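Chemist: Got a sequence here, can you model it:
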Amino acid sequence: MVLLGTAGGPRPRKGRSGSAQAIVSGGNVYVIDCGYGVARQMVLAGLPLNKLRQIFITHHHSDHDIDLGALAGDAEHQQRDGIVDMHPGGTADIQKMLIARGLGLGKAAKAGAR
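Modeler: As a prediction, the model looks like this:
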């Protein structure tokens, strides 16, 4: 487990990033929460964005999901072809919105595959 951000609350901080953790298994990356700066923190930690496979959101407060779209979009720009699954409830609506905007969920998701 890699702690990408440990700051709580909805405001950005100079010395800490928003709540986010990554689990690396078999070369793949699984992210828990998407607080401010999660993609940048992944890069600083040496975690390749194109290896992102799933995003888990513990609850829908802005300090845990504010960069969900940004992370998905950044993973897409790293030429990720597969689907980035998002969990739990509530993220399905966010995922549909991101697909509608053409952001961050891979070619298969844009084509309607799941």
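
Chemist: Geometrically speaking, which residue is the centre of this structure?
Modeler: residue 71 (4.2 Å; C-alpha atoms, centre = their mean).

Chemist: ok, it - contacts?
Modeler: Applying C-beta atoms under 8 Å, 6 or more residues apart in numbering to residue 71 gives the contacts 31, 34, 38-39, 42, 49, 52, 55, 104. Placement of C-beta: from N, CA and C, glycine included.

Chemist: Please work out how many residues are found near the nearest residue in space to residue 41 that is not next to it in sequence.
Modeler: Of all residues not flanking residue 41 in the chain, residue 4 sits nearest, at 3.8 Å (C-beta to C-beta, 6 or more residues apart in numbering). Using other C-beta atoms under 10 Å, the number of residues around residue 4 comes to 25.

Chemist: I'd assumed residue 4 was in a strand, is it?
Modeler: Yes: according to DSSP: H, G, I helix; E, B strand; the rest coil, residue 4 belongs to a strand.

Chemist: Distance check, it against residue 77.
Modeler: Noted for residue 4: a distance of 19 Å to residue 77, by C-beta to C-beta, to the nearest Å.
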